[in-house]
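Asks: take this sequence and fold it.
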Amino acid sequence: VRSPSESPGAYSEVLMLFTHEHAELRRTVERFCREELNPHVDAWEDAGAFPAHEVFHKLGQLGLLGLTKPEAVGGAALDYSYAVVLAEALGACTCGGVPLAIGVQTDMATPALARIGSPELQREFLVPAVAGEMVACIGVSEPGAGSDVAAIRTTARKDGVDYIINGGKLWITNGAQADWMCCLANTSEGSPHRNKSLIVVPMQTPGVTVARKIRKLGMHSSDTAQIHFDDVRVPQRYRIGDEGMGFTYQMQQFQEERLWGAANALGGLDHAIADTIEYTRSRQIFGRSVLDNQVVHYTLAELQTEVEALRALVYRATELFVAGQDVTQLASMAKLKAGRLSREVADKCLQFWGGMGYTWENRVSRLLRDGRLGSIGGGADEVMLSIICKLTGTLSRPGA
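Replies: Residues are numbered from 1 along each chain as shown. Okay, the predicted model is just below:
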């Protein structure tokens, strides 16, 4: 296998190996889903939110919110393969919204703070996030800037030792319950890739307003908010890392976010197919089970094959990431495949449930709604394709 230096997109060979510790982590997470989450999911879906502080406190007690975080902040200092196991095992939850909120806490709002935040800033915000005592959110998207991160307009103007923040954020997971936001803002003029900084913004700061909670097609148990900033004053010491490096830091966070999302999709897809096999085996039509029809069992076998192919891609990207390689290309491929496969699996499985698949409470119909976000959030499919084209040299001219 060629090394990355030999050609675009080529990677050295790394083998994904799970240990006893990985297996124990998987069992712990799946048990947590069965005992602490699933009995309440239907009520949380109806309510449009789940009690994040209560659930995160329990996760924090189990050490599940800081698997990859340094021991100095209460984490386990494990490599990213453990984060992937957590994400995949959370697929045992019977909805997508709660795992998404957990992923925001562990792998979307906190990686930059853990990697380059000052010790003081980590003690104030990362330590309680790892312990489950604070809920975090990530503030990148805006009404006029989603996948185009460089186009954000929120500003953070220096005033003495403080920043004065004005603007707003949209599609903020955990936004209505969060204690702090990892906020991307423009801290200077100039190049849109060199004028941004990541800043921790406590959500109770005067001038921060939760404008509305957004009603969505799916992910109902995860609260999603629009946030306004009106002369919000925070100290400059709340900046994460160097000023002007926010765009770069956020691109680094996206690697973990996209890998996490692809891994999390795996568990839900496995359960959807398994549930469909069980239902079609018991459901009789024209004197035999639905599963006995060749079109049904062939389709399910093909879907299982596709899921295993995605799993292999996720595991390969994970091991390379753990080895210190840039996996932007593979993470983008994994996210692209996960979003599209979620739609395909949910749609084809739902068809085999017949009328039962069209009911609101059916787990496969919930996957159809929840999984649709995978091709939009964290960078749309088209953005993933653009990244892949650039990194593989597919584009024949600059700026194409």
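
Asks: Cys183 and Gln177: what is the separation?
Replies: Applying CB to CB, to the nearest Å, the value for Cys183 to Gln177 is 16 Å. All C-beta spots, glycine's among them, are computed from the backbone N, C-alpha and C.

Asks: who has more neighbours, these two?
Replies: Cys183 (31 against 21; other CB atoms under 10 Å).

Asks: on the three-state scheme, that one is what?
Replies: Three-state assignment for Cys183 (DSSP: H, G, I helix; E, B strand; the rest coil): strand.

Asks: same thing with Ala150?
Replies: Relying on three-state DSSP, one would call Ala150 helix.

Asks: any idea how far it lies from Asp270?
Replies: Where Asp270 is concerned, Ala150 sits at a distance of 37 Å (CB to CB).

Asks: more neighbours, these two?
Replies: The neighbour comparison of Ala150 against Asp270 (other CB under 10 Å) goes to Asp270, with 18 against 12.

Asks: hmm, Glu308 and the more buried one touching each other?
Replies: No - if you go by CB atoms under 8 Å, Asp270 and Glu308 don't touch, sitting 9.6 Å apart.

Asks: what ranges in the chain fall below the confidence cut-off?
Replies: Within the chain, the ranges that satisfy pLDDT under 70 run 1-15, 396-400.

Asks: next up, phi/psi of the residue of it positioned farthest from its centre, please.
Replies: Most distant residue from the mean C-alpha position of the chain: Gly287, 44.4 Å away (CA atoms, centre = their mean). Dihedral angles of Gly287 (phi, psi; degrees, to the nearest 10) stand at phi 80, psi 10.

Asks: now do Gly139
Replies: Here is the backbone geometry of Gly139 (degrees, to the nearest 10): phi -110, psi 90.

Asks: could you pull out the strands for the stretch 251-400 of the chain?
Replies: 284-285, 288-289 (DSSP state E, counting those that start in this stretch).

Asks: need the ones you listed in JSON lines with distance to Gly168 and mean neighbour count, can you?
Replies: Output for the strands of the stretch 251-400 of the chain, formatted as JSON lines (distance: least, CB to CB, whole Å; neighbours: other CB atoms under 10 Å):
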{"stretch": "strand 284-285", "distance to Gly168": "53", "mean neighbour count": "10"}
{"stretch": "strand 288-289", "distance to Gly168": "54", "mean neighbour count": "12"}
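
Asks: and those as TSV, adding distance to Thr173?
Replies: Putting these into TSV (distance: least, CB to CB, whole Å) gives the following:
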stretch	distance to Thr173
strand 284-285	41
strand 288-289	40
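
Asks: quick one: closest of the ones you listed to Glu21.
Replies: strand 288-289 (40.4 Å; CB to CB).

Asks: partner strands of that closest one, with direction?
Replies: strand 284-285 (antiparallel) (DSSP bridges).

Asks: list the contacts of the strand it pairs with.
Replies: Strand 284-285 is contacted by residues Val290 when judged by CB atoms under 8 Å, 6 or more residues apart in numbering.

Asks: what's the spacing between that strand and its chain's center?
Replies: 39 Å (CA atoms, centre = their mean, to the nearest Å).

Asks: what of stretch 307-326?
Replies: With CA atoms, centre = their mean, you get 16 Å for stretch 307-326.

Asks: buried residues in it?
Replies: Neighbour counts over stretch 307-326 (16 or more other CB atoms under 10 Å) mark 307, 310-311, 313-322, 325 as buried.

Asks: also stretch 355-371?
Replies: Under the neighbour-count rule (16+ other CB under 10 Å), stretch 355-371 has Gly357, Asn362, Arg363, Val364, Ser365, Arg366, Leu367, Leu368, Arg369, Asp370, Gly371 buried.
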